[in-house]
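Asker: what follows is a predicted structure for the sequence shown.
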Amino acid sequence: MSERRRWCVGPNSPAQDRQKTAPPDVRNVVNFLRSKSGMKTRPGIVNGQRADYFKGSAAIKAVLSPEYKKLKNVPAVETEDDAERMLHGLLPYAFFLRVERGPAPPNASKDHPAPRALKVIHMQTFEKDMHYVWLYEGSQLWQRLAGLGLIALLLAAVMFPLWPMFLRRGVYYLSLGVLGLFGLLMVIAVIRLIFWVITIVVIPPGIWIFPNLFADVGVIESFIPLWAWDVPPPKKKIRRTKKKGKKVDEAAEFVEATTSAPASEEPVEAAEPDDYADLN
């Protein structure tokens with residue numbers, strides 16, 4: 001009995017050997033799913049290596065999106081069955097493989113999920129409720145360009161004494177301007193803090209100058225409005241409760257309608273085994 005191959009990410013791996021045989025249309029689909037679809041992934045551990053994994057329903061949703069329809073040289077997908085069939089055809093190229101998830105670590109939480117142990121299973125099929133691990137890192141073009149740019153930047157910094165005088169003078173004045181803007185921002189932060197401390201004692205609840213100064217907004221929006229009362233935003237607990245109750249009512253109506261409908265008497269045909277079910 002031959003030793004079972006270890007699927008992993010990296011050069012000279014069994015997965016990479018199969019990925020090299022993928023036709024252009026398959027590679028276009030995979031590059032879209034990996035880098036451009038915005039598909040949600042989670043961290044996992046497979047064969048001792050960290051890797052991202054996703055749920056089958058997320059991939060189906062991605063290939064049914066309008067962004068996928070704009071792509072050229074990709075398989076046409078119209079329905080969910082078409083999407084599932086097309087994604088199943090990608091499995092023999094080992095860009096991603098079906099895995100079983102281990103139990104969640106005890107220190108994991110919903111906001112900060114810890115990597116789960118993943119195990120590549122023997123029978124490979126694509127189903128929307130199953131999980132799949134990425135064995136493909138995506139296009140390396142931007143990483144290579146970024147690496148070359150970083151090397152060029154370091155060489156330029158080392159060779160600064162050899163720069164022409166006008167370039168060195170320009171960098172000097174530019175650095176002074178950046179330091180001046182940073183110092184001005186710190187002064188504004190200190191002044192607004194002192195003003196808030198004074199106003200919270202004199203006229204509570206206090207006043208913030210430039211309340212959006214450190215908010216996640218644009219540069220102009222950071223200075224609008226000029227001032228605002230230090231009042232916490234209203235809670236939305238009641239609104240969420242109503243929405244939750246509405247969803248529960250809708251779910252109850254759906255279950256009632258489903259259970260009251262007569263069952264279909266048509267037989268369900270068994271799925272034929274796929275030639276690529278066993279990848280090992």
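Answerer: Great, that's in hand.

Asker: pull the contacting residues for the residue nearest the centre of the chain.
Answerer: Closest residue to the average C-alpha location of the chain: Lys40 at 4.9 Å, with CA atoms, centre = their mean. Counting by CB atoms under 8 Å, 6 or more residues apart in numbering, Lys40 touches Phe54, Lys55, Ala58. For the C-beta atoms, the positions are set from N, CA and C on the backbone; glycine is no exception.

Asker: out of the residues you listed, grab the one that's most surrounded.
Answerer: Highest neighbour count within the contacts of Lys40: Phe54, with 21 neighbours (other CB atoms under 10 Å).

Asker: now do the SS call for it.
Answerer: Three-state assignment for Phe54 (DSSP: H, G, I helix; E, B strand; the rest coil): strand.

Asker: please name the nearest non-neighbouring residue to it.
Answerer: Leaving aside its sequence neighbours, Phe54 sits nearest to Thr41 (CB to CB, 6 or more residues apart in numbering; 4.9 Å).

Asker: from Pro232, how far out is the one you found?
Answerer: Using CB to CB, to the nearest Å, Thr41 is found at 35 Å from Pro232.

Asker: likewise for Arg169?
Answerer: For Arg169, the distance to Pro232 (CB to CB) stands at 50 Å.

Asker: and these two? Which one has more around it.
Answerer: A count of neighbours by other CB under 10 Å puts Arg169 above the other of Arg169 and Pro232, at 11 against 6.

Asker: give the next helix or strand downstream of the strand or helix carrying the more buried one.
Answerer: Arg169 belongs to helix 165-202 when assigned by DSSP states H and E. On the C-terminal side of helix 165-202, the nearest following helix or strand under DSSP H and E is strand 207-209.

Asker: residues in contact with stretch 136-150?
Answerer: Val9, Ala15, Gln19, Val30, Asn31, Arg34, Ser35, Phe95, Phe96.

Asker: right, and out of the residues you listed, which lies closest to Phe210?
Answerer: Of all the contacts of stretch 136-150, Phe210 sits closest to Ser35, with 38.0 Å by CB to CB.

Asker: pLDDT wise, what is the closest one at?
Answerer: pLDDT for Ser35: 87.

Asker: what about it, how many neighbours?
Answerer: Ser35 has 13 neighbours, counted by other CB under 10 Å.

Asker: so, low pLDDT: which residues of the chain?
Answerer: Filtered on pLDDT under 70, the chain yields the residue ranges 1-13, 108-112, 233-280.

Asker: what do you get if the cut-off is 50, keeping everything else the same?
Answerer: Judged by pLDDT under 50, the chain has its weakly predicted residues at 1-5, 241-248, 251-252, 254-280.

Asker: which residue sits farthest out from the middle of it?
Answerer: Farthest-out residue of the chain from its mean C-alpha position, per CA atoms, centre = their mean: Val202, at 47.1 Å.

Asker: report the buried members of the contacts of stretch 136-150.
Answerer: Those of the contacts of stretch 136-150 that meet the buried threshold are Val9, Ala15, Gln19, Val30, Asn31, Arg34, Phe95, Phe96, by 16 or more other CB atoms under 10 Å.

Asker: next, the last one: phi, psi?
Answerer: Reported as degrees, to the nearest 10, the phi and psi values for Phe96 are phi -150, psi 150.

Asker: right, I'll call it a day here.
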